[in-house]
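Undergrad: Let's see this in three dimensions:
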Amino acid sequence: MLINLTGIVTAHPTGEANLYLRYRYLPGYKDGQFTCQIEKAPLVFDDKKVGIGKTNPANILGVSNDITLDGNLNFGSETRQMINLWKSEYAIGVQSGTFYSRSSKNFAWYKGGTHDNELLNPGGGTVQMVIKDNGNVGIGTDSPSVKLDINGDTNITGSLNFGSTQRQMINLYTTSAGIQYGIGTQRKTAYFRTSEHFAWYKLGSHNDDELQAGDGGTVQMVIKDNGNVGIGTDSPSAKLDVKGRIKDITGYLVPVGTIVPYAGSTAPDGWFLCNGESFDDNIYPELKQVLGKNQVPNLSNKFIVGVGNGYSLGDTGGEEKHQLTIDEMPRHNHENGDFKWLLERPGTSTYKGGVDSDQHEPRLTTCREIQPQGGGVAHENRPPYYALNYIIKA
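TA: Numbering: from 1, shown residues only. Prediction:
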C-alpha cells in the first residue's frame, strides 16, 4: 500500500523526527500503529533548487510565505544589486562606496499604515518623504512642486548657501496675483521685497493681520508703503517718526528742557509754549527733573539773559518801561544854584542882591531863570524787535 504524505507542517526545527501512523478497520489487519523515522528538511529538487512552500522554485531558494529571521541576512562581500523587490526595477544594492535603492518611478517613506497598491498611498499612514520621478523631493508632502518642498518647520544648524548667482534667492510668499515677498541680491546690494510694508518685531507670535506683532510682541521698526519710517511705532506720520529720544555721536539731538523761539502760535508735538502753564509730570517726568517743578516758565513779553554774574538759573527781573530818576540822569554842570540869575566872569565876583558897576561884568538888560524841561515819562529803550513765541522741549 502506497501512502502519499503532503502538507505536513511542524513547528519543530529541521532534523530527525518520528512520524506515527495509526490504522484501524483495515480488512485482514488488526488495529495498530507504525512508527516511521523521517528527516525534516526543505524540499530539494533535482536541479538543486530549494522550495519552501512551493514545488517549482525559479531560483536557488523559493519561499511561498512570510519569513522570520532571528539572525542576520548576509550577502557576502561582492557589490551588486542584492535584493530585487519586484523584478530588477525595484531593488536594493551596493556599489563602490554607495548603498542605493532603485525604482522605475518614485521613492516613498511612510510612517505607520499598511500596504496599499495605489500610487504614493501610505495606506492609513503618513508620508514622511518622497522623491518623485522628476527629482523633486517632498518632506511631509507627496506632491513636491519644486526641487525641495518641505511641509513643516526647518531647522538648519549650518550655513544656507545660494551660490554666486545674483537673484531673488528666497521667495517667502507669492500671492495669487503674482506679487512676491522675498529676499535677494543684486550688484553690491542685498534687498528685501514686499508689496506694502516692512516690519521688525520683538518676541510675540505670528499674526496674519497687517503690522501686528502678535501676542506678547512689540514693534521695533516699520517702513510703511509711503516710505515713512517708524521706530517704536507702527504708524509713522513723518519720514522718520521715533517714539523715544534720539542721540547722535555726542548726545541727545534736542535735550529735554531746550527753549527756542518759534514762529507758530501752537506748540508742535513734543513741545510746550513757555506761558507758565502746568503739565502732567507723570507723562513728562524728564521735563520736571530739568525744571524742578511741573510748570513751564512764562516767557511772554520777556527777553532771555544768560546765567552768569548776578544772574542765577531761573531768575526773573526787569521792567517793561522805565522812568529815569535824577540819580540815573547823565552827569552835567549846574554850579552855585544861588546865583541862577547872574553871569560870572573869571577873576571877579558878584554877590546876591548886589550889582557891580565897575563894568568888569557883562552888562545885561534882561536876565531869566533857567527853566526845568521834560515830563518824566517812561521811555522805550529796546532795539527794533520782532515778537515770537518761546517753546520748551518736553
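Undergrad: drop to CA atoms for contacts and neighbour counts, all remaining ones
TA: OK.
Undergrad: Number of residues surrounding Val256?
TA: 20 (other CA atoms under 10 Å).
Undergrad: Next one: it from Glu210, what distance?
TA: 34 Å (CA to CA, to the nearest Å).
Undergrad: Next: Asp142.
TA: Relative to Glu210, and taking CA to CA, Asp142 is found at 32 Å.
Undergrad: before we move on, what about Gly251?
TA: 35 Å.
Undergrad: what do you get for Lys48?
TA: 77 Å.
Undergrad: Who are the contact partners of Gln207?
TA: In this structure residue 207 is Asn, not Gln. Neighbouring residues of Asn207 by CA atoms under 8 Å, 6 or more residues apart in numbering: Ala213, Gly214.
Undergrad: contacting residues for Ile223?
TA: Applying CA under 8 Å, 6+ apart, the residues near Ile223 are His197, Phe198, Ala199, Val229, Gly230.
Undergrad: neighbour-wise, which of Asp142 and Glu210 wins?
TA: Asp142 (23 against 10).
Undergrad: Retrieve the pLDDT associated with that one.
TA: You'll see Asp142 listed with a pLDDT of 96.
Undergrad: My read is that it contacts Leu120, right?
TA: Yes: the criterion here is CA atoms under 8 Å, and Asp142 meets it with Leu120 at 6.9 Å.
Undergrad: which residues of the stretch 101-250 of the chain fall in strands?
TA: Along the stretch 101-250 of the chain, the segments classed as strands by DSSP state E, counting those that start in this stretch run 107-111, 126-131, 137-139, 148-150, 170-174, 180-186, 189-193, 198-202, 218-223, 229-231, 240-242.
Undergrad: Check which helices and strands the second one sits against.
TA: Counting contacts by 3 or more CA pairs under 8 Å, 6 or more residues apart in numbering; DSSP states H and E, strand 126-131 is packed against strand 107-111, strand 137-139.
Undergrad: Distance to Arg24 and mean neighbour count added to those strands, as JSON lines?
TA: JSON lines is the format used below for these (distance: least, CA to CA, whole Å; neighbours: other CA atoms under 10 Å):
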{"stretch": "strand 107-111", "distance to Arg24": "57", "mean neighbour count": "16"}
{"stretch": "strand 137-139", "distance to Arg24": "68", "mean neighbour count": "22"}
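Undergrad: For Leu211, see how far away Leu220 is.
TA: That one is not Leu; residue 220 is Gln. Taking CA to CA, one finds Gln220 at 11 Å from Leu211.
Undergrad: shared neighbours of those two, which are they?
TA: With CA under 8 Å, 6+ apart, Gln220 and Leu211 have common neighbours Ala199.
Undergrad: Show me where the stretch 251-394 of the chain dips below the pLDDT cut-off.
TA: Along the stretch 251-394 of the chain, segments meeting pLDDT under 70 span 333-373.
Undergrad: what about the helices in it?
TA: Counting by DSSP state H, counting those that start in this stretch, the stretch 251-394 of the chain has helices at residues 285-291.
Undergrad: burial measure for Gly62, as a count.
TA: There are 16 residues near Gly62, going by other CA under 10 Å.
Undergrad: same check, this time on the one 3 residues further on
TA: With neighbours defined by other CA under 10 Å, the count for Asn65 comes to 9.
Undergrad: do the one 10 residues further on as well
TA: When neighbours are counted by other CA under 10 Å, Phe75 registers 10.
Undergrad: Three-state assignment for it, please.
TA: coil (DSSP: H, G, I helix; E, B strand; the rest coil).
Undergrad: That one against Met82, yeah?
TA: Yes: with contacts counted by CA under 8 Å, Phe75 reaches Met82, the gap being 7.0 Å.
Undergrad: returning to that earlier point: indicate which one of the helices and strands packed on strand 126-131 is closest to Arg382.
TA: strand 137-139 (84.9 Å; CA to CA).
Undergrad: and that closest one, what does it pack onto?
TA: strand 126-131, strand 148-150.
Undergrad: So for this protein, the centremost residue is which one?
TA: Trp200 (3.0 Å; CA atoms, centre = their mean).
Undergrad: wouldn't Arg193 be in contact with Tyr181 here?
TA: Yes: look at Arg193 against Tyr181 with CA under 8 Å: they come within range, at 5.2 Å.
Undergrad: shared neighbours, those two?
TA: Counting by CA under 8 Å, 6+ apart, nothing touches both Arg193 and Tyr181.
Undergrad: Now Lys393: closest residue in space that isn't a chain neighbour?
TA: Sequence neighbours aside, Trp271 is the residue nearest to Lys393 in space, at 4.6 Å (criterion: CA to CA, 6 or more residues apart in numbering).
Undergrad: which residues does the one you found contact?
TA: Trp271 touches Ile391, Ile392, Lys393, Ala394, counting by CA under 8 Å, 6+ apart.
Undergrad: Compare those and tell me which has the most neighbours.
TA: Ile391 (26 neighbours).
Undergrad: I'd like to know how far that one sits from Asp153.
TA: Taking CA to CA, one finds Ile391 at 55 Å from Asp153.
Undergrad: Could you do Gly317 as well?
TA: In terms of CA to CA, Gly317 sits 72 Å off from Asp153.
Undergrad: do Gly28 as well
TA: Taking CA to CA, one finds Gly28 at 84 Å from Asp153.
Undergrad: ok, now Ser104?
TA: From Ser104 to Asp153 the distance is 30 Å (CA to CA).
Undergrad: Over to Leu172?
TA: Leu172 is 13 Å from Asp153, by CA to CA.
Undergrad: okay, those two: which has more neighbours?
TA: Leu172 (11 against 5).
Undergrad: Skipping its backbone neighbours, what lies nearest Glu196 in space?
TA: Asp225 (4.6 Å).
Undergrad: What about Ile92, how many residues nearby?
TA: 17.
Undergrad: residues contacting it?
TA: So Ile92 contacts Gln81, Met82, Ile83, Asn84, Leu85, Phe99, Tyr100, Ser101, Arg102 (CA under 8 Å, 6+ apart).
Undergrad: Next, the angle strand 107-111 makes with the helix or strand where it lies.
TA: In the assignment (DSSP states H and E), Ile92 maps to strand 90-95. Calculated by axes from the mean of the first three to the mean of the last three CA atoms, to 10 degrees, strand 90-95 forms an angle of 110 degrees with strand 107-111.
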